[in-house]
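> below is the sequence, then the predicted model.
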Amino acid sequence: MRDAIATKNEVSIHRGETAMLAKEMADSYEKAVQFYQNEYKLTRSKAEKEAIAKNTDYLDRIRAIPADKVADYDLRSLHDHDPAEAVAKWGEVKTAAVDELESGVRSATLTNWETPYERAQFLAIRHAIIDEWRPAGGLELTLIDQMANCHSGFMYWLKDFERLKDREVDRREIESEDSFAKWNKTYLPPRVGEAEYVERALKMADRYQRMFMRSLRALRDLRRYTPRIMIHNQGQVNIGQQQVNQVETGK
């Protein structure tokens, strides 16, 4: 996937990123200046000096900050000190984003898996699909992520349905007099009847299953209409099921 980034369009992509970063950093700088003007009643020139001085105080912290916590203000602070250092930090952010996507961590965090084991269960589904389909690029990997999330959702709601269908829903402590939820009614979640909840669990399981099948069909169609090109030797090229003989002409 990283190789796909380094294409002939790399210059235009880089220019687009530069324009985006410049805008975000300029906005961040303006917000900092306005903060000193509004909160400390400084003139524009003094507020600008304070905003620039503030940047140099946090350089070590910014250098050590995790990629997913970097803010526009942090990049601007680095840029004021050394533009090359700001570009390097932005590179760290992009690399971390690619790693997160390729590893499946980003997909795993889309849903609220409460324990490490539940996240590992999701990744196990994802890896199993990847091992079978061997995605050829980012688009196929994206569809596999959708399939893994849909199948995980299907299993979650099916388990909930099986848990609830033969017995009553567990009573919550919201009926207790000393319950915080009862003391402050605004924190009570929306309530549904037990039978309605059981039916909803079954419908949600069915919905996730249909979403899974849509993603699977999309992946199949992608493979069907964009056949891979395999070159076995210099004179033969297989495109899909069709063999094309390559003839080398003299110069």
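Happy to help now that I have it. Numbering: from 1, shown residues only.

> with adjacent residues omitted, what lies nearest to E48?
If you skip the residues right next to it in sequence, E48 has V33 as its closest partner in space, 5.5 Å away by CB to CB, 6 or more residues apart in numbering. Just so you know, the C-beta spots here come from the backbone N, C-alpha and C atoms, and that holds for glycine as well.

> now do V105
Counting by CB to CB, 6+ apart, V105 lies nearest to D99, which is 7.9 Å off, once chain neighbours are set aside.

> now the one helix or strand the one you found maps to: buried residues?
Mapping D99 onto the secondary structure by DSSP states H and E places it in helix 83-103. Of the residues in helix 83-103, those buried by neighbour count under the rule 16 or more other CB atoms under 10 Å are 85-87, 89-90, 100-101.

> rewinding a little: you'd agree the residue nearest to E48 is up against R44?
Yes. Look at V33 against R44 with CB atoms under 8 Å: they come within range, at 7.1 Å.

> more crowded one of those two?
V33 (20 against 11; other CB atoms under 10 Å).

> what about that one, distance to D72?
14 Å (CB to CB, to the nearest Å).

> helix, strand, or coil at L42?
Applying DSSP: H, G, I helix; E, B strand; the rest coil to L42 yields a three-state assignment of coil.

> apart from its neighbours in sequence, what residue is nearest it?
Distances taken as CB to CB, 6+ apart place Y36 nearest to L42, at 5.0 Å, with adjacent residues excluded.

> and the gap between that neighbour and T43?
Using CB to CB, Y36 is found at 9 Å from T43.

> between the two, which one's more packed in?
Set Y36 next to T43 and count neighbours by other CB under 10 Å: Y36 wins out with 19 against 10.

> that one reaches R44, doesn't it?
No. Proximity of Y36 to R44 does not meet the contact threshold set by CB under 8 Å, at 9.4 Å.

> what sits up against the strand or helix carrying Y117?
In this assignment (DSSP H and E), Y117 forms part of helix 116-133. For helix 116-133, the external contacting residues (CB atoms under 8 Å, 6 or more residues apart in numbering) are 104, 107-108, 111, 113, 140-141, 144-145, 147-149, 151-152, 219.

> distance of G137 from C150?
G137 sits at a distance of 20 Å from C150 (criterion: CB to CB).

> who's more crowded, the two?
Looking at G137 and C150 with other CB under 10 Å, you find the greater number of neighbours at C150, namely 21 against 12.

> any idea which element the closest residue to L216 other than its chain neighbours lies in?
When the adjacent residues along the chain are set aside, L216 lies closest to M147, with 6.1 Å between them (CB to CB, 6+ apart). Per DSSP H and E, M147 falls inside helix 138-164.

> okay, buried residues for that helix please.
For helix 138-164, a neighbour-count test (16+ other CB under 10 Å) marks 140-158, 160-161, 164 as buried.

> also stretch 198-205?
Of the residues in stretch 198-205, those buried by neighbour count under the rule 16+ other CB under 10 Å are 198, 201-202, 204-205.

> check what pLDDT R126 gets.
On pLDDT, R126 comes in at 94.

> check the burial of it by counting its neighbours.
The local packing count at R126 equals 22, with neighbours defined by other CB under 10 Å.

> make 504 the starting number, not 1.
Sounds good: first residue 504 from here, last item R629.
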